[in-house]
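K.L.:
sequence and predicted model, in that order:
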Amino acid sequence: MSQKLIIANWKMNPQTQKEADKIFSGILLSVKNIKNTSVVVCPPSLFIGNLKKNNKILIGAQNVSGFSDGAYTGEISAKMLKDKNITYSIVGHSESRASGDSNELINKKINLLLKNKLNIVLCIGEKERDHNGFYLSFIKKQLHECLAGISKSQIKNIVIAYEPIWAIGVDALREADVSEFIEMSIFIKKIIGDMYDVKTAHDIGILYGGSVHPENAESFLIEGRASGLLVGRDSLNAKKFSKILICADKIK
Ligand code: PEP
């Protein structure tokens, strides 16, 4: 990945279309001068399609159904996302996993998204770091099971977002250290290399997510060599999110 990929995950926020439009317009103002960065905003699904059309910000979904169509109350299919010109979908976010998404279901979602030619942001991350390194086998299992049967050519449409659960949201213990992110990136690339090949491991994009703020974005992107960032809380504040975008855009 040459361009940095910065993704806003708005989760179940804000509460009105008016507020969503306001945040989106704020972000839109700052992306006017952004040249080297791909910007994706993932709003709640009700706002998808209502945000101001433009050619600078891509719209993403926060999740997708594991079924193609039919009697699945409340779900949104990959084909519906495609029909609304959605280009990315997050899958496997820890909050979706907490409400029941297993690795197996995430694998089904990935297959449906690929079938509908959408790009995928696959979130992985451990609940805690133990001294025996069991968290590494947990990450390995997530990758093996979520990517089961996905071919070398299909994986080009997938980026991995490493989001340690202990670093996410208002209850975060702390953000990850850049060194922890680097260690995990190397580990993820090793797994991908074993599953596919060295080139695929080299090329795969790895994002960092978990308490990203304008103050720490640069260190993950420069020292940590992250391919991009997945931003929760600070993506709801147009000023803070814009600072993150400007910082990413300066990096060659
Ligand atoms: C997230 O949940 O994807 C996330 C990164 O949240 P936050 O930035 O608020 O920790």
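P.N.:
Sure thing, it's come through. Numbering: from 1, shown residues only.
K.L.:
quick one, what contacts residue 161?
P.N.:
Taking Cβ atoms under 8 Å, 6 or more residues apart in numbering, we find residue 161 in contact with 7, 90, 121, 122, 123, 124, 206, 207, 208, 209, 230. Bear in mind the C-beta positions are built from the backbone N, C-alpha and C, glycine included.
K.L.:
the host helix or strand of it pairs with which strands?
P.N.:
Using DSSP states H and E, residue 161 maps to strand 158-162. Sheet pairing for strand 158-162, assigned by DSSP bridges, gives strand 119-124 (parallel), strand 206-209 (parallel).
K.L.:
out of those, deepest packed?
P.N.:
Burial of the strands paired with strand 158-162 is given as mean neighbour count (mean count of other Cβ atoms under 10 Å); strand 206-209 ranks first at a mean of 27.
K.L.:
for the protein, what lies in contact range of the ligand?
P.N.:
9, 163, 168-169, 172, 209-212, 230-233 (Cβ under 6 Å from any ligand atom).
K.L.:
quick one: the helices in the stretch 101-250 of the chain?
P.N.:
103-115, 134-146, 178-195, 198-203, 214-221, 238-250 (DSSP state H, counting those that start in this stretch).
K.L.:
for those, give me JSON lines that also has mean neighbour count, mean pLDDT and distance to residue 80.
P.N.:
Below are the helices of the stretch 101-250 of the chain laid out as JSON lines (neighbours: other Cβ atoms under 10 Å; pLDDT from 0 to 100; distance: least, Cβ to Cβ, whole Å):
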{"stretch": "helix 103-115", "mean neighbour count": "20", "mean pLDDT": "98", "distance to residue 80": "11"}
{"stretch": "helix 134-146", "mean neighbour count": "17", "mean pLDDT": "97", "distance to residue 80": "22"}
{"stretch": "helix 178-195", "mean neighbour count": "17", "mean pLDDT": "97", "distance to residue 80": "30"}
{"stretch": "helix 198-203", "mean neighbour count": "13", "mean pLDDT": "97", "distance to residue 80": "30"}
{"stretch": "helix 214-221", "mean neighbour count": "20", "mean pLDDT": "97", "distance to residue 80": "32"}
{"stretch": "helix 238-250", "mean neighbour count": "20", "mean pLDDT": "96", "distance to residue 80": "27"}
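K.L.:
kindly reformat the ones you listed as JSON lines containing distance to residue 44.
P.N.:
JSON lines is the format used below for the helices of the stretch 101-250 of the chain (distance: least, Cβ to Cβ, whole Å):
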{"stretch": "helix 103-115", "distance to residue 44": "18"}
{"stretch": "helix 134-146", "distance to residue 44": "24"}
{"stretch": "helix 178-195", "distance to residue 44": "28"}
{"stretch": "helix 198-203", "distance to residue 44": "32"}
{"stretch": "helix 214-221", "distance to residue 44": "24"}
{"stretch": "helix 238-250", "distance to residue 44": "16"}
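K.L.:
figure out which of the ones you listed is closest to residue 35.
P.N.:
helix 238-250 (6.4 Å; Cβ to Cβ).
K.L.:
let me see the confidence value for the residue of the chain found nearest the ligand.
P.N.:
Per Cβ to the nearest ligand atom, residue 232 is where the chain lies closest to the ligand, at 2.1 Å. Note on residue 232: pLDDT of 97.
K.L.:
tell me how many other residues crowd it.
P.N.:
Using other Cβ atoms under 10 Å, residue 232 has 23 other residues around it.
K.L.:
same question for the one 5 residues further on.
P.N.:
Taking other Cβ under 10 Å as the neighbour definition, residue 237 ends up with a count of 17.
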